[in-house]
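Colleague: My questions are about this predicted structure, shown below with the sequence.
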Amino acid sequence: METAIGVFTSRDRAEEALKELLQNHVPEESIIFLTHSESEAMALGKEIGTVAGGFTGGAVGLGAGMVAASMALIPGIGQVFALGVGAAALLGFLGTKTGASVGKQIAKESNIPAPVMDEDSSEDAQTLLEVLRAGRSLVVVRTESDATAKIASGILDAASLATPPKATTKMQADVRKASADVTAVDIKGRIVVGEGNTLLRETIQKLTADGHNKIILVLAEVEYIDSSGIGELVRAHTLIRKTNGQMKIVDPSPKVHEMLQVTMLHKVFDVHPNEASAVDSFNRSSAAKA
């Protein structure tokens, strides 16, 4: 499953992105819009519902998802409003069955695809919802298609808060020991859809499968990260947490720092200025648990 994430401070820009996704045949069931604002969700749902009907022959997936999701209160965050067929399940899996059950019923009544979630979705969503606390809105595209992910990533990068890439170096990931029980991954180049995001995923999967669950990502030489790359950092964070481990980000490059700031993920990830600080934080965590 590929995940591309766009972060917006303006409803107009989010609306433009959603329209462009639909115009470029990104399936409705792959698109989710999240916001804390009921008025923003209602206005955008009405506008996009009309547009979606024109492109998809009258499908009502975006509006139906919003109705279901708006019924779900998220523990620790409160009311969250969403557009998208998968939105109800995405929010429903966070501690209440309301969103998921209502979403399935609406899908049945409206003849649209029922929400389908993979096992990583709930923890991915927990991470994404943290971004909403700062008043940002999110457009998330989740798809099994590499081609669709590439299209979605390009659209979200151009429309959201991301800075267009200028780098051309492909990503490299070099694994080494940072200490006796901490593994460092030195990442260079671009973490982008179809290239770096896949390599990062494979690297983290292998490390966790081999029993490494204290992992540092050294991002000082990352030239660019796109919306799919941000999605891959969320996936890595989720996977490592599932092994009862922790992921630290070290010395992010200016491009990565920019993306972490605008997506508010610097508040979710544990970011350190240098490797020594990150390794020491693992030691402090272990001592606190003892």
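Modeller: Good, I have the coordinates.
Colleague: so what strands line up beside the helix or strand that contains Val140?
Modeller: Using DSSP states H and E, the element containing Val140 is strand 137-143. Sheet pairing of strand 137-143 (DSSP bridges) gives strand 2-8 (antiparallel), strand 31-35 (antiparallel).
Colleague: Include mean neighbour count and distance to Val131 when you put those into a markdown table, please.
Modeller: For every residue, glycine as well, the C-beta is placed using N, CA and C. Shown next, in a markdown table, are the strands paired with strand 137-143 (neighbours: other CB atoms under 10 Å; distance: least, CB to CB, whole Å):
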| stretch | mean neighbour count | distance to Val131 |
| --- | --- | --- |
| strand 2-8 | 27 | 7 |
| strand 31-35 | 26 | 8 |
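Colleague: Of all those, which one is nearest Ala278?
Modeller: strand 2-8 (24.0 Å; CB to CB).
Colleague: Quick one: mean pLDDT for the closest one?
Modeller: Taken as a whole, strand 2-8 carries a mean pLDDT of 81.
Colleague: ok so, going back, what about the strands paired with strand 137-143, which gets the closest to Val141?
Modeller: The nearest among those, by CB to CB, is strand 2-8 at 4.6 Å.
Colleague: List of residues touching that closest one?
Modeller: Residues outside strand 2-8 that contact it (CB atoms under 8 Å, 6 or more residues apart in numbering): 14, 17, 124, 128, 131, 136-146, 148-149, 152-153, 155-157, 159-162, 193, 197, 226-228, 230-232, 234-235, 262-264.
Colleague: before we move on, the earlier item: could the strands paired with strand 137-143 be laid out in CSV, adding distance to Val279?
Modeller: Converted to CSV, the strands paired with strand 137-143 look like this (distance: least, CB to CB, whole Å):
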stretch, distance to Val279
strand 2-8, 29
strand 31-35, 35
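Colleague: right, and those strands - which one's nearest Leu21?
Modeller: Closest of these to Leu21 is strand 31-35, at 5.8 Å (criterion: CB to CB).
Colleague: In the sheet, which residues pair with Tyr224? Tell me.
Modeller: With DSSP bridges as the rule, Tyr224 is bridged to Arg190.
Colleague: about what we covered before: the strands paired with strand 137-143: which one's closest to Pro254?
Modeller: Closest to Pro254 of the strands paired with strand 137-143, according to CB to CB: strand 2-8, at 17.5 Å.
Colleague: for Gln246, what are its contacts?
Modeller: 213-215, 240, 270, 282, 285.
Colleague: how does it look with 10 Å?
Modeller: Listed by CB atoms under 10 Å, 6 or more residues apart in numbering, the contact partners of Gln246 are 182, 213-216, 237, 240, 270, 278, 281-282, 285.
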